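Undergrad: Sequence and predicted structure, then a few things I'm wondering about:
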Amino acid sequence: MDHKGLFLTFEGLDGCGKSTQVHRTASLFRNAGFDVLELRDPGSTSIGETVREILLNPKYSTMDAVTELLLFAVARSQMVAELILPALDKGTIVLSDRFYDSTTAYQGYGRQLNLELVLKLNAIGAHNLVPNLTFIFDISPQLSTERMMLSGKLPDRLENEKMTFHERVRKGYLEIAQKEPTRCCIIDGKKSEEAIQENIYHELIRRKFL
């Protein structure tokens, strides 16, 4: 189904700089006169934020991997139905800090759940919505850990996973980009914020989104 608006998603390991670039990209579009909606996945709705608290809470370290997969789909489904689809129908530019590629990378590759199952559930949770463009910010798990430690923020349940888990997640993201080169654009997350914003700007111009 075609929509009037644009849906852009920002993906990568924690500390990759995607959240900063969501805000910077939103400013680019607003300065060009567009209506913009910034979201985070999981979250952004009252249901989604409640699910987010459960998913990221370190006290739920015994959570089953399939339970985790289902909870992400629940939060995403509500966000798509309540916020994204109505915004796209109005011609709004929607930017999301994570979307279903995170589930493919973290639950499919990281948790090593059946990829076919993950992809099917992703489609259900996303109401079959596919982003127009996905930026994947690539950094090493080691750099991710360093940046998160420097931030002073206490690690959440997923950030507490072992390095081998995060290595599989990174591999997952790179494989997603390889499988869907038209939709996905890999960004070198080691670059400066300004250099990354320039990369994003040029990609948006190239695709005639700006």
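TA: Done, it's in. Numbering: from 1, shown residues only.
Undergrad: ok, residue 127 to residue 133 distance?
TA: Between residue 127 and residue 133 the computed distance is 19 Å (C-beta to C-beta, to the nearest Å). Placement of C-beta: from N, CA and C, glycine included.
Undergrad: Neighbour count: those two, which is higher?
TA: residue 133 (18 against 13; other C-beta atoms under 10 Å).
Undergrad: Excluding residues flanking it in the chain, which one is nearest the more buried one?
TA: residue 8 (5.0 Å; C-beta to C-beta, 6 or more residues apart in numbering).
Undergrad: per-residue confidence for residue 157?
TA: Looking at residue 157, its pLDDT is 72.
Undergrad: neighbours around the nearest residue to it once chain neighbours are set aside, how many?
TA: For residue 157, ignoring the flanking residues on the chain, the nearest one in space by C-beta to C-beta, 6+ apart is residue 58 at 5.0 Å. Neighbour count of residue 58, defined by other C-beta under 10 Å: 12.
Undergrad: Go ahead and confirm residue 58 touches residue 161.
TA: No - in this structure residue 58 lies outside contact range of residue 161 using C-beta atoms under 8 Å: 11.0 Å.
Undergrad: give me the number of residues near residue 64?
TA: Residue 64 has 9 neighbouring residues, counting by other C-beta under 10 Å.
Undergrad: Next, it: phi, psi?
TA: Dihedral angles of residue 64 (phi, psi; degrees, to the nearest 10) stand at phi -70, psi 150.
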